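> model the following, please.
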Amino acid sequence: MAKWRKHPLPLDYPRHPERRTALVLGASSGIGRATAVALAEAGHPVAVGARRVDRLDEVVAHIREAGGEAEAFAVDVTDEKSIASAVTDVEAALGEVEVVVNSAGSLRMGRIWEMTPENFSAQVDVHLLAAHRVVAAVVPGMVARGRGDVVLIGSDTSRTARPRSGAYPAAKSAVDTMAFQLQSELEGTGVRATVVRPGPVATEMGTDFDEDTIVDVINDWVRFGHGRHGRMCTPAQLAHGVVAAVSLSRGAYVRELEIQPEAPIEP
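The predicted model follows:
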């Protein structure tokens, strides 16, 4: 019987450094908050950023009470200067950013032709342009150091657009494309880019819709076959996916990770 030769890991990819500061944007609630907590549990110093600073204080307190390290920073992802300033402050407080997760976003439902151009473009701004602002602020430093992880939170609507979802599917589809282009451009730099694509998740997004909007949305989703079952993922399940991607040993990367809720187990 032939004996297979064991190949060692590539020597040009050393281990991750002991200390990997993580910056999580959109960390005041939902996937962002859960990701910040999960990264802290994994031993990362975590910088949490969002506009709602009062809610970030609660996240920081939660992490510290559990023995983790965290700091809060006011960040508006629609403002280039706000992001750049936050990155400077984060690195002064916690060290160079080794991991960045962009989970900031909002949701405005509606038919495309019924949305005003202002509302449509605002959604593109907060989902697509904001992701680029984050990349532009953080990735040059990562490339200079020869390591780092960039995680962009996308959506399964980029593959299957659901009706009445406004500009959200279009913006998230563009995030996918930008992430894949970024991955190609980062080949050979030691920096990794991953897009994490959630299916339905139980977050605050959509909880402010009026009853008529919810009824119209659900009816159209069922009509076009988007309602497989009523289960949703938890933010923590998405967070575990993010942690898995950035924890992968160097020399390999997760290109894309789609996480869907499993249907109830049938009796």
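
> report the buried residues of the helix ranked longest in the chain.
Counting by DSSP state H, the longest helix found in the chain is helix 168-186. Buried positions in helix 168-186, judged by neighbour count with 16 or more other CB atoms under 10 Å: 168-176, 178-179, 182-183, 186. C-beta coordinates here come from the backbone N, C-alpha and C atoms, glycine included.

> same question, stretch 152-162
Residues of stretch 152-162 classed as buried: Leu152, Ile153, Gly154, Ser155, Asp156, Thr157, Ser158, Ala161, Arg162 (neighbour count, 16+ other CB under 10 Å).

> in TSV: those, plus distance to Thr234 and secondary structure.
Output for the buried residues of stretch 152-162, formatted as TSV (distance: CB to CB, whole Å; DSSP: H, G, I helix; E, B strand; the rest coil):
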residue	distance to Thr234	secondary structure
Leu152	20	strand
Ile153	15	strand
Gly154	18	coil
Ser155	16	coil
Asp156	16	helix
Thr157	19	helix
Ser158	21	helix
Ala161	24	coil
Arg162	20	coil
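
> closest to Leu25 among those residues?
Nearest to Leu25 out of those is Ile153 (CB to CB; 9.5 Å).

> okay if I get the buried residues of stretch 152-162 as a markdown table plus distance to His132 and pLDDT?
Formatted as a markdown table, these follow (distance: CB to CB, whole Å; pLDDT from 0 to 100):
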| residue | distance to His132 | pLDDT |
| --- | --- | --- |
| Leu152 | 10 | 98 |
| Ile153 | 14 | 96 |
| Gly154 | 14 | 94 |
| Ser155 | 17 | 91 |
| Asp156 | 21 | 85 |
| Thr157 | 19 | 81 |
| Ser158 | 16 | 80 |
| Ala161 | 21 | 73 |
| Arg162 | 24 | 76 |
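
> between the buried residues of helix 168-186, which is nearest Thr21?
Closest to Thr21, out of all of the buried residues of helix 168-186 and judged by CB to CB, is Leu186, at 19.2 Å.

> state the mean pLDDT of stretch 50-59.
Averaged over stretch 50-59, pLDDT sits at 93.

> one more: stretch 196-203?
81.

> contacts for that stretch?
By CB atoms under 8 Å, 6 or more residues apart in numbering, the residues outside stretch 196-203 that reach it are 29-31, 151-156, 158-159, 176, 231-235, 238, 241-242, 245, 256-261.

> tell me the buried residues within the residues you listed.
For the contacts of stretch 196-203, buried by 16+ other CB under 10 Å: 29-31, 151-156, 158, 176, 233, 235, 238, 241-242, 245, 256-257, 259-261.

> so who does the closest residue to Asp76 other than its chain neighbours touch?
The shortest distance from Asp76 to any non-neighbouring residue, by CB to CB, 6 or more residues apart in numbering, is to Ser82 (4.3 Å). Listed by CB under 8 Å, 6+ apart, the contact set of Ser82 reads Ala74, Val75, Asp76.
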